[in-house]
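S.K.: I would like the atomic coordinates for the input below:
(chains A and B)
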There are 2 protein chains.
Amino acid sequence: VGSVSAVVVRSPTGSERRTAPTEDEVCQPDPAGGIVECEYGWRPALLDEIRRSTRPGLWRFAPLLALPDDVPPHPMPVGNTPLLPAPALAARFHLGQLWVKDESRSPTLSSKDRATAMVLAYAAHRGIGTVTCASSGNAAASLAVLAAAVGIRAVVFVPEEVAEAKLALMLVAGAVVFRVRGGYGAAYALSRTAALEFGWYERNTGVNPLTVEAKKTIAFEIWDDLGGRCPDVVVVSAGDGVTAAALDQGFRDLVACGGASRVPRLIGVQSRGCAPLVEAFHGDGSVKEVEPQTVADGIAVGSPVMGAAAVAAARSSGGTFVAVVDDDLVPMASAVASTTGLLPEPAAAAAFCGLTEARRTGDVGRDEEVVVVLTGSLLKTPFVGRAAAAPDRAGRVHLVDARLDAVAEAMAEAR
Amino acid sequence: VGSVSAVVVRSPTGSERRTAPTEDEVCQPDPAGGIVECEYGWRPALLDEIRRSTRPGLWRFAPLLALPDDVPPHPMPVGNTPLLPAPALAARFHLGQLWVKDESRSPTLSSKDRATAMVLAYAAHRGIGTVTCASSGNAAASLAVLAAAVGIRAVVFVPEEVAEAKLALMLVAGAVVFRVRGGYGAAYALSRTAALEFGWYERNTGVNPLTVEAKKTIAFEIWDDLGGRCPDVVVVSAGDGVTAAALDQGFRDLVACGGASRVPRLIGVQSRGCAPLVEAFHGDGSVKEVEPQTVADGIAVGSPVMGAAAVAAARSSGGTFVAVVDDDLVPMASAVASTTGLLPEPAAAAAFCGLTEARRTGDVGRDEEVVVVLTGSLLKTPFVGRAAAAPDRAGRVHLVDARLDAVAEAMAEAR
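M.R.: Next comes the predicted model:
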């Protein structure tokens, strides 16, 4: 399977099992709920293979991933999202060089589509009929929509209070939706139990090894778009910790292949109302469950499935974890939108707030090259209305009769 | 300027002015409000230039467009949207080969971004400070967002009853918004007057020649994605008629260059509640203003600026114009979503309803190769909620306690 040389399964009880890289070991969730990790035979030739590849989007990186070579891509283009310069925003942060990796340029407007596409491509290849996951919203919407494209049934488990627009998206795409009382943790546990009981294939983040594999491609693309090098710092919002851990893993894979000399410092960002990874990072490293209290539904994960790995990634890379306040999220989304045209949802705006904080504390210096990963879009949330209602926008909408003097008057006031 | 050999300006009074292709004549709206058309020195060598081009997205087609060569692309990737096979939907239409050109894979989820990107790239190149347009919603949202990315001020004119999510998008991106009493026609007239009065650059569709140039790239991409040939039929929703007219023009340009032997039959689709082009097509060809009465806000245009050209395109290509009923739009959006994962807004769903009608009447045969252009996304409209509430979706959402038996019960009922 790809360049995988061995598979290590870490069980929930802490024990470790090491096996040969068969397709089942690499692509199937561990029945006992363990985390499946792959070891690779890294070598520079893999980077040459990537450079020569003509496969679309994230499929280009298959030689670096634990995916069987004969899996046809999901039909919807996923990956190859833009890395955009943001000079006006850089000035706001007093930074020389700021890039935004715009993961909202994806079928369902979030980075979740990478993992979904890879899981569904494998499921379609194996003739699997039903795929399930638990999700705070984005992953379930992603699974519902991408499953419709390949004729696979999606059964998704979400917290009772899931964002309405995300729920609508799941339903319009024809998924079976369970709104579970007890929050994301309860939805996650029920999804796992149901998958075992009914024989469904799991897209649960962190459990299905392909979800981590897929997210490593964000790091590969950043490296490739920068001409084959790593930035100084990567800032990303963290919920279950999978994106943060996978980014770091991806950069380490590039170093292992000889494609880069060092990994970027990883800065993970959470809301103060749900900051188990911030507490773990600045504490003894152990992740303690919390009760999420945040408007940033995309990162409202009280018991992060790959939390320890994310904290370890921030530590080993020389980065940090930062907490931000909810009240700053919507104003930040507005500020990002009006200086860049990019539209972060509150969970994604947290990363930009985290950069503000890291600049304030000196964790990020003025001359460093920074990439912020924009993980999901404002368009899927009711916050687009709230962001539009920000005080500095109030004077910008004028209800007028179709007369030029009304326009002239309004424009004169705007000055 | 590009391969333009001459410029023809058709004034609102019917007279015609023919000039040399200077940059101002090609890229600036006619001060008298005429339609600017370009004539090209078509030749096969232009197609070779395109094939060799490494420019991103729609910029690849610059040799076929009336755009000065030295205009740097807009920083956001626009164009190169996927042409997706839709086998499950094809079966529903009893069609052998159906493709969907998914124009919702764009920064603001609609085909309007092509015209906006080209207009703004030119404006930035010329140091223009303010760009304006009138819009039923999508074009104004597009202008607001893409203008923010290049630091240009957007002043947009929309009907009083503009869709809330689209208005929110304009505001969050920092545009100045005029909600004009009297509908799209009044907004359009006021935008034009204000542009003249205040010296703003116009992105008004059909008036700024770059808006038509940009939309031709949809045809170029369809041709390219099919391996350098045209499909039998292209189906597209029609509001102001610009997309329909530009598609046909693009295919004709390819034929003129020797890249294809014939153009596809163009089928334009409107809502019965706003069908001036359907009436013109099946009448004497003259377009008479109507009062729009449709939920499909994206095509609610009572007085289409390029209506005559769109009707002529349908006629000369051997196509037709079809009217559909509003009540079918949301169910069709649901059906498309759950069979393809694609998310057409009501105005875009109209095209799929039109294909149903064209299959019923025999205007499209079973063995023909059909491309439907999906012009805008459900994600930007409140209809996503309505589509999710369709009767066949009602039984698909279950509020449960975190217990397996609740899942087993619901799944048993679903059978």
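
S.K.: quick one: residues contacting A:Asp248.
M.R.: By C-beta atoms under 8 Å, 6 or more residues apart in numbering or on different chains, the contact set of A:Asp248 is A:Ala219, A:Val263, A:Leu266, A:Ala313, A:Ala314, A:Ser316, A:Ser317. Just so you know, the C-beta spots here come from the backbone N, C-alpha and C atoms, and that holds for glycine as well.

S.K.: at 10 Å what do you get?
M.R.: Residues near A:Asp248 by C-beta atoms under 10 Å, 6 or more residues apart in numbering or on different chains: A:216, A:219, A:234, A:236, A:263-266, A:268, A:309-310, A:312-314, A:316-317, A:319.

S.K.: check which helix or strand covers it.
M.R.: helix A:242-256 (DSSP states H and E).

S.K.: could you give the average pLDDT over that helix?
M.R.: Helix A:242-256 carries an average pLDDT of 96.

S.K.: got the angle between the following helix or strand past it and helix A:242-256?
M.R.: Using DSSP H and E, the helix or strand that follows helix A:242-256 in sequence is strand A:265-271. Angle, strand A:265-271 to helix A:242-256, by axes from the mean of the first three to the mean of the last three C-alpha atoms, to 10 degrees: 180 degrees.

S.K.: get me the contact residues on the stretch 1-150 of chain A for chain B.
M.R.: A:56, A:74-77, A:80-82, A:84-88, A:102, A:104-109, A:120, A:130, A:132, A:141-142, A:144-150 (C-beta under 10 Å from any C-beta of the partner chain).

S.K.: before we move on, back to that, which of the contacts of A:Asp248 fall in helices?
M.R.: Taking DSSP state H, the ones among those that sit in helices are A:Lys216, A:Ala219, A:Ala309, A:Ala310, A:Ala312, A:Ala313, A:Ala314, A:Ser316.

S.K.: wouldn't the fourth one be in contact with A:Ser237 here?
M.R.: No. With contact defined as C-beta atoms under 10 Å, A:Ala310 and A:Ser237 do not form a contacting pair (11.1 Å).

S.K.: can you check which residues contact both of the two?
M.R.: A:Thr243, A:Ala244, A:Gly268, A:Gln270.

S.K.: bridging residues for the third one?
M.R.: I take that to be A:Gly268. Note on A:Gly268: beta-bridge partners by DSSP bridges are A:Val236, A:Phe321.

S.K.: per-residue pLDDT, it?
M.R.: 98.

S.K.: let me see the contact set for it.
M.R.: So A:Gly268 contacts A:234-239, A:241, A:243-245, A:247-248, A:275, A:277-278, A:281, A:299, A:307, A:310-311, A:313-314, A:319-323, A:350-351, A:354 (C-beta under 10 Å, 6+ apart).

S.K.: likewise for A:Ile128?
M.R.: A:Val119, A:Leu120, A:Tyr122, A:Ile152, A:Arg153, A:Gly199, A:Trp200, A:Tyr201.

S.K.: tell me how many other residues crowd A:Ala88.
M.R.: 17 (other C-beta atoms under 10 Å in any protein chain shown).

S.K.: meant to ask about A:Ala32
M.R.: 11.

S.K.: sec struct for it, please.
M.R.: Three-state call for A:Ala32 (DSSP: H, G, I helix; E, B strand; the rest coil): coil.

S.K.: that older thread, and which of the contacts of A:Ile128 is nearest A:Lys288?
M.R.: A:Val119 (29.3 Å; C-beta to C-beta).

S.K.: what about that closest one, neighbour count?
M.R.: There are 31 residues near A:Val119, going by other C-beta under 10 Å.

S.K.: which SSE is it in?
M.R.: Counting by DSSP H and E, A:Val119 is found in helix A:112-125.

S.K.: contacting residues around A:Thr340?
M.R.: A:84-90, A:98, A:100, A:102, A:352, A:374, B:75-76, B:145, B:148-151, B:173.

S.K.: now the nearest residue to A:Val176 once chain neighbours are set aside: which helix or strand?
M.R.: Nearest non-adjacent residue to A:Val176, counting by C-beta to C-beta, 6 or more residues apart in numbering or on different chains: A:Val155, 4.6 Å away. For A:Val155, the host element (DSSP H and E) is strand A:153-159.

S.K.: run through the neighbouring helices and strands of that strand.
M.R.: Under the contact criterion of 3 or more C-beta pairs under 10 Å, 6 or more residues apart in numbering or on different chains; DSSP states H and E, strand A:153-159 touches strand A:130-134, helix A:138-150, helix A:164-172, strand A:176-180, helix A:183-198, strand B:397-400, helix B:404-414.
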